[in-house]
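J.: next one to model:
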Amino acid sequence: MAIGLLTICEWKGAHKDDTEIRLPLWSAVEAAIRALDNCNLNDVYLQPDETNPETYLAIGGGAGRYIATGSVNNERFPTLVDPQRPAEPKVLLVVGGQEGDYPANWIVDLPTALRAARSFYDAGGFARDVNWVDV
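T.: Got it, this is the predicted structure:
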């Protein structure tokens with residue numbers, strides 16, 4: 001297991017409550033991602049090392065539309081991109097407690113979001129078996 005901390009954010013207006021799970025099993029990570037609803041539950045974070053909050057994968061959105069993006073020591077910002085799709089038109093998605101518009105090729109379905117999370121979980125970082133692009 002390569003993940004030190006799973007953080008599940010529940011938004012209540014501008015306030016959020018975090019549930020933290022140390023050394024989560026994959027089943028807990030998968031359940032958290034499946035629970036995302038693009039409303040109050042709209043982001044989860046995976047950190048390989050709970051003492052380094054600057055390296056993480058965030059899965060946001062929900063209800064069939066997800067974004068997977070993160071940080072490596074606050075220097076690189078890998079984002080899962082579907083190179084077969086155009087960036088336009090932008091897609092509205094709730095992430096981090098607020099609605100934003102994201103390039104269409106950043107939006108993926110649940111199986112793809114789970115595959116990206118599983119790759120990160122297994123590798124403890126952004127492995128090359130998923131199409132990450134630094135943005």
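
J.: where along the chain do the strands fall?
T.: 5-12, 15-22, 41-47, 56-62, 65-71, 78-80, 91-95, 98-102, 132-134 (DSSP state E).

J.: adding mean neighbour count, distance to Ala116 and mean pLDDT, write the ones you listed out as a markdown table.
T.: Where you see a C-beta, it was placed from the backbone N, CA and C, and this is true even at glycine. Formatted as a markdown table, the strands of the chain follow (neighbours: other Cβ atoms under 10 Å; distance: least, Cβ to Cβ, whole Å; pLDDT from 0 to 100):
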| stretch | mean neighbour count | distance to Ala116 | mean pLDDT |
| --- | --- | --- | --- |
| strand 5-12 | 18 | 15 | 96 |
| strand 15-22 | 11 | 19 | 96 |
| strand 41-47 | 22 | 10 | 97 |
| strand 56-62 | 24 | 7 | 97 |
| strand 65-71 | 23 | 4 | 97 |
| strand 78-80 | 23 | 5 | 96 |
| strand 91-95 | 18 | 15 | 95 |
| strand 98-102 | 13 | 15 | 95 |
| strand 132-134 | 16 | 8 | 92 |
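
J.: Throw those strands into TSV and include distance to Asp122, thanks.
T.: Output for the strands of the chain, formatted as TSV (distance: least, Cβ to Cβ, whole Å):
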stretch	distance to Asp122
strand 5-12	14
strand 15-22	17
strand 41-47	11
strand 56-62	12
strand 65-71	15
strand 78-80	15
strand 91-95	24
strand 98-102	26
strand 132-134	14
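
J.: contacting residues for the residue most central in space within the chain?
T.: When Cα atoms, centre = their mean is applied to the chain, the residue found nearest the centroid is Ile59 (1.5 Å). Taking Cβ atoms under 8 Å, 6 or more residues apart in numbering, we find Ile59 in contact with 33, 36, 43-44, 46, 66-68, 113, 116-117.
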